[in-house]
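Engineer: Quick one: sequence plus predicted model below, questions after.
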Amino acid sequence: MKSINSLCVFCGSRAGSDPAFSAAAEQLGRSLAARGVRLIYGGGSIGLMGIVMQAVLDNGGQVTGVIPAFLMRREVGNPDLTELIVVDSMHERKRRMFELADAFAVLPGGLGSLDEAIEIITWRQLGLHSKPIAVLSVEDYWASFEMLMEQAIAQGFADARIRTLFTVTGDVESMLTVLEEGAARQRDASSRRL
């Protein structure tokens, strides 16, 4: 039995300046389709999110997009997904994506991706979930984020245990392995409590 049925991917609505970002998004989409893992994402057709979505669909995978109505035009909401959920707000978007996902992946992106990553990591810190989270630091994109977390620890604003809330990887296959192992541990821990 596979440990992840659905993966929520947070990533940019732009492709970024390095072709490695787009290549990683495409590889992730192909890998999700090959593994039979449903993509949960922001519902748009542009940037890295459009690339990962299209790669999943092109390879026979399943995609659920969650998009606020006011972003349908701006992010080019795609009605041709397996499932498109249109919501009223950004808060509802994040809540629905959380509910639908077994695990979370953070790819390069801007403020929206950073907001989503921080919120889902914070929810885990608060004990609201134990779903695995991986940050894909393509070309060290998230190195500054890692440094910020270390600064928060060093300056006494966070406990060193925050390092265990997420895993940073440098390539897609390592990230998927980390997420699958984390989900399997979570499932095993849950079944031991029964």
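Structural biologist: Yes, it's here. What you see is a predicted model; the values in this text were computed from it and never measured. Residues are numbered from 1 along each chain as shown.
Engineer: any idea how far stretch 144-157 is from the chain center?
Structural biologist: Here stretch 144-157 is found 22 Å from its chain centre; the criterion is Cα atoms, centre = their mean, to the nearest Å.
Engineer: so how far is Ala184 from the closest residue to Asp102 other than its chain neighbours?
Structural biologist: With sequence-adjacent residues excluded and distances taken as Cβ to Cβ, 6 or more residues apart in numbering, Asp102 is closest to Ile4, at 4.7 Å. All C-beta atoms are positioned from the backbone trio N, CA, C, and that covers glycine. From Ile4 across to Ala184, the span is 9 Å (Cβ to Cβ, to the nearest Å).
Engineer: about what we covered before: state the helix or strand in which the residue nearest to Asp102 lies.
Structural biologist: Following DSSP states H and E, one finds Ile4 outside all helices and strands.
Engineer: That one: how many residues sit nearby?
Structural biologist: Neighbourhood size, Ile4 [other Cβ atoms under 10 Å]: 22.
Engineer: so Ser31 makes contact with Met175?
Structural biologist: No. Applying Cβ atoms under 8 Å, one finds Ser31 not in contact with Met175, separated by 9.3 Å.
Engineer: With neighbour numbers in mind, choose between these two.
Structural biologist: Neighbours per residue (other Cβ under 10 Å) separate Ser31 from Met175, with Met175 holding more: 26 against 20.
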